[in-house]
Structure formats: structure tokens, C-alpha cells
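Model the structure of this input:
(2 chains)
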Amino acid sequence: MRSISAVIAAAGKVGGLRRRRSGERFIEGWILLAGILAIVILLGIVFFLIREGAPIFLHTNPWQFFSGAKWYPVSEPPTFGILPFLVSTMIVTMVSTAIAIPIGIACAAYLAEVASPRVRNMVKPLVELLAGIPSVVMGFIGLMILSPLVQSTFNLNTGLTGFSAAIMLSMMSLPIIISVSEDALRAVPDDFKQASYALGATRWETIRHVSIPAALSGITAAVMLGVGRAIGETMTVLMVAGGALAVPQSPTEPMMPMTAAIASGIGNAVRGGLQYQALFAIGLVLFFITLGVNLIASRVLERQKRRFAR
Amino acid sequence: MRIKKWHKWLILSTLLVGGLSLSGCAGNPGPAPVTPSPGTELSGTFSIVGSNTVTPITSVWAEDFMTINPGVRISVSGPGSGAGIAALIDGTTEVCQASRKIKSLEIEQAESKGVYPYEIHVATDALSVVVHPSNPVSELTIAQISAIYAGRITNWSELGGNDAEIVAISRDTNSGTHVFFKEHVVQMQGLPTEDKSLEYGPDVLMLPSTEGGVSETAGNPNAIFYPGLGYLTDEVKPLGIKITTNDNGILPSVETALNGTYPIARPLLYYTDGEPEGIIKAFIDYCLSAEGQLKVNEVGYVPLP
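Numbers count the residues shown, from 1 in each chain, chains lettered A, B, ... in the order given. Sure thing, here's the model as predicted:
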């Protein structure tokens, strides 16, 4: 937020110093408007989420809401406890990140340091294409192919588990992690690598001890962006995670992350009713979690940029 | 991000193909050939939103009605009965299809927004309880099914089956079937053992669609699920349902639902805001006609007596 206002202020200062053509001023106005619009929309969403969701705390106090393990929105009287959803979201996100990090960074290191330009120009767009696969298709693949596989591999009762959902989510966050990490690795100044080679380091040692540490903040940001994607993903977890309401004890149990809980209940909720408010409150919690993750990511990315801004 | 020209084309064409196949799935027959048939001047657009269970029969009716009356466009969607009723209350749909009766609370909410739900019974469904074909269990009492879904029986061996944990599958709270099953089976409404405090157990899987539940049951030897009669396939085995242990298990079918012997049959309903008029009335009249009720049989539900 602060950086945006700084940019606006800077733009104003520059504008005051220079005589400009009216066309340019017109375009700058539009860009300013677009920037402000984005902020207005964000604030509007926050306001709307709070207005629709906060009243649930008059019915269920925040402590019961966050620590309650019972979610019976259509019973008489209804109870709203979102602990199972919070824990499910955490488990699914952590497992998917644990799967995506090694694969993503290895792939990025390969693309940035090892692959020939020809291969890179082939592979990178394909990786980015992976990001374009609709989540419902990923969910369908998870349902039809992955879940029977998980069931037989781990000898489970059902393959519709948090683990299956996490695998699908890791595939969906991979393109982001690969793409952003690769950019970070390529931003590492060539001098570093040349110096490393000059000292007799092998290519692996250079990647391991020079490139990756130098690009670490960029890679961290990439991982955070991937995490944000995994937390917010809905359709896939709705279809694959199984949707059990118990507080999950392990990744191989069916579970219902927060996004799935919202999606599977919102159609039934009458506008302004208790269930509707409770679902919006979940949305609010989700919003703050993803906002936090993205803020950390942009902070870290900024640090990376400053580091190599020479 | 530099994307080469041919990559752009690759992405574009992928999107195009995806878009085309999606629009194909929507089942929109496109602009129907204009065949002016005398006497039909019906035209207009309305939507039917609600139960996933009623959707198969509503789709057939809507398609037939649109073939007879090319000027009419009906959009059908099935996110769940609760969703349909919510849409009717909020005024975002003209007709709501529901597999459960509207609750008094919902009527109050509707009336406070100036909507007066009008109920039309269009067909009947027998809610079948299905397991994997390899499951040796073939009959259960309602009390046993209740115990399974409330989490008090967790192993098939307690019911005379294999020593394996039961995977109980349910629809999510969007579904009218979820609510109907909870009231009439889990809480055993109308039986001497009725217990209003019973709820779905925490380990029950809540799935977003009936098809998903059927396909999971077809692939999982330990699963149990409760689809409407119209969703039965050869890949799952319906259980005989009995009220007490001494009864004979009754299999779900059109006959047993019509003669009242099948214990978990339920009405499929349409709700409109006030009595239906115009094209909506014409459509509902078609649904209730002999021809419309014949379609009910074809889809696998139970026609009105």
C-alpha cells in the first residue's frame, strides 16, 4: 500500500518538473485512475466481507468460531466451528508446498543454469501452459486417476483425501514457483557464477552454493506465491479432498479445506442468514491469510530486486 | 516472459478448442430451425434452479418443451435444493426445483422479501441406498443406516459384512437430499426410534455432486451412498431397506415407491413465486400431462399416481 502511494507521489513530482504534452497527461491520468480503482476494489471487497461476515460473531463468539470442531449449518440450532477447515487448509497447503518446492526449484535451476536456450524456450511456455489448465479439469484428473492410485498405494479406505488434493495443488502451484524462481536465478549476476567457475567449482557446486543462495529471496517469494495459490484453490479441493467434517489427524484422511467449505455451503445459504454470515466470515479469514502470504512474498521479492539493482 | 509466436498460437488454439468443447457440453442446440407451427405463440425465457436430484427429469422436460415451443428458452441448473430456494427468495430464478419441502423459516424469509412460494408436486423419487456390488450386505434397517451415518457403526463386520471400515458418503449441505436423508433416515423421523439430536458423523464424506458419490461408490468396495433412483447405475448395488429387523428388505423401484412399501420415497417439487402464469404455467402443465409423466418413468423416477 505504501509503495503505491509513494509511486503516485513520485509521479506527481516528476510531472510538476516537466512540461508535457496534453496526450501524455491524459494517459497518465488514466493510469492513475486505474491504480486508484484497484485500491478501491480491494477496500470494497474487504468492506463487503466484513459487513456480511462479522455479524456471525454476535451469534457465535470468535473463540467458539475458531476453536469449535462442529460445523452443522443446517441443523436446529446451527453450530459453527471452523477448526476442521482451518486444520485441513493448513495440512493441504503444507503437503502441497513440500511436494512443489523441491520439484519447482530443481526445474527452475535446470531451466536457468543447465538447459540450452532452445530447450528453455520450449519448456518454459509449456510450464506456463500448465498454469492455464482449469482447476475443474485438475479436480477431474484427481478424482478419476489420482484418487484410486492413492487409495491402493497407501491401502486406504478412500482415495479422496487431503493428500490427493495436495498432489493436485502442487501441480497447480508448480508453474508459478518455476517461473518466478527461474527469473530470480537468471537475475543473479553472471560475475558470481564466473567467479565460482574460476575457483574450479563444478556446475552443481555453483548452482548449489552460489546461484541458489544468491537468488534465495526470489525463490522464497516464488514459494510464497505458490502457497497463496494453493490456499485459495477451490474446485480441485472440493472435488478431491473428500469433504469430511472431522478435524483431520493426518494428510491421508478425507478433509474439507476452507475454500471447499464455502463452496459447498454458499448455494444453500439464504442471503443474510446465519450460515451465509458464517461462510463470509470464513472468506474473511481466508482473505487475511492469503493477503499475509502475498505481502510477505512481495516484501521478499522487493528485497531481491534491491539486492541486484546495480 | 517472452512467448514465441507459435507458442501464442498454441495457447490460442488450446483455449479455442477448450471453449468450443465447453460450449458443446452446455447442450445448447443453437438456433433451432424456425418451423412455424400453428397455435404456438409461446415465447420467452425463464430459469429453473435447484435440486441436483430433480435436474435429470427437469432437463428432459425442458428440452422437450423447447422443441415443441421453439420460442421458449429454459435454463436448468442443479446446485442443490437449498440453493434453488435461496435463488427463488432472492428473485434470481423464476422456478425452483426441490427434493425437499421448503422450511417454515425459508417461507418467512421469502415473505419478508415479497416472495410467496407456491408448491407443485411434479414427481416422486425413491432414495436408494447403494453399496459396491462386491459387498455381501444386501439389506439394512433404517436404524442401521442411521447408525452408519451418525458414526456409531464404523465396520461392515458389525452388519454381517467383511471386516472393513465403512466409508459413508453423503451430499454436502447444498443438497436437499442431504437434508431429507438427515431427517428421515439419520434422525429416523416418523419411527418410534426417532432422535432429533442425531447428526451426520464427522467422518462422513461430503461430496459436491450425486454423480461423484455414485462413481466413488462404484470404485470403493467399502463405500455406502444414497443417490436418487434416477442416478442408479449397474456399477452399484442398491440395498433392500426394512423398518424393523423382521421385515423383508424392500428394493427401491417405481412399483415399491408407488404402492408405498418402500420406506424412503419423497416428493420432487417445483416452487414458483405465487401461482404460475404464462409460459411457466404452460411448462408445468406439460410436466404434469400424461406425456410429461411418461418421461418421468423413462428417466428413472416415479410418476405421479
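
Phi and psi next, for B:Arg266.
Per-residue torsions, B:Arg266: phi -150, psi 150 (degrees, to the nearest 10).

And for A:Phe80?
In terms of degrees, to the nearest 10, the main-chain angles of A:Phe80 are phi -120, psi 100.

what's the pLDDT at it?
On the pLDDT scale, A:Phe80 is placed at 92.

What of B:Ala62?
Predicted confidence (pLDDT) at B:Ala62: the value is 94.

pretty sure it is in contact with B:Ile74, am I right?
Yes. With contact taken as C-beta atoms under 8 Å, B:Ala62 and B:Ile74 are classed as touching, separated by 4.1 Å. For every residue, glycine as well, the C-beta is placed using N, CA and C.

Identify the contacts common to these two.
Residues touching both B:Ala62 and B:Ile74 by C-beta atoms under 8 Å, 6 or more residues apart in numbering or on different chains: B:48, B:283.

Where does the stretch 1-150 of chain A get nearest to chain B, residue-wise?
Chain B sits closest to A:Pro125 of the stretch 1-150 of chain A, with a gap of 4.3 Å, by C-beta to the nearest C-beta.

So for whatever helix or strand that residue lives in, mean pLDDT?
According to DSSP states H and E, A:Pro125 maps onto helix A:117-131. For helix A:117-131, the per-residue pLDDT values average out at 89.

Show me the contact partners of the very next helix or strand once past it.
Counting by DSSP H and E, the next helix or strand C-terminal to helix A:117-131 is helix A:135-141. Identification of contacts with helix A:135-141 by C-beta under 8 Å, 6+ apart yields A:168, A:171-172, A:233-236, A:238-240.

TSV please, covering those residues and showing neighbour count and pLDDT.
Compiled in TSV, the contacts of helix A:135-141 are given as follows (neighbours: other C-beta atoms under 10 Å in any protein chain shown; pLDDT from 0 to 100):
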residue	neighbour count	pLDDT
A:Met168	26	94
A:Met171	21	92
A:Met172	20	92
A:Glu233	24	89
A:Thr234	19	89
A:Met235	18	90
A:Thr236	30	91
A:Leu238	28	90
A:Met239	29	90
A:Val240	31	91
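
overlap between these and the residues near chain B?
Contacts with chain B within the contacts of helix A:135-141, counted by C-beta under 8 Å from any C-beta of the partner chain: A:238-239.

ok now do residue 203, which residues does it touch?
Unless you meant another one, I'm taking chain A. When the contact criterion is C-beta under 8 Å, 6+ apart, the partners of A:Arg203 are A:113-114.

Let me rephrase: I mean chain B.
For B:Asp203, the set of contacting residues under the criterion of C-beta under 8 Å, 6+ apart consists of A:244-246, A:254, B:151, B:154, B:168.

before we move on, back to that, which of the contacts of helix A:135-141 lies closest to B:Asn69?
Distance to B:Asn69 across the contacts of helix A:135-141 (C-beta to C-beta) is lowest for A:Met235, with 35.4 Å.

Could you measure from that closest one over to A:Pro125?
Separation of A:Met235 from A:Pro125 (C-beta to C-beta, to the nearest Å): 24 Å.
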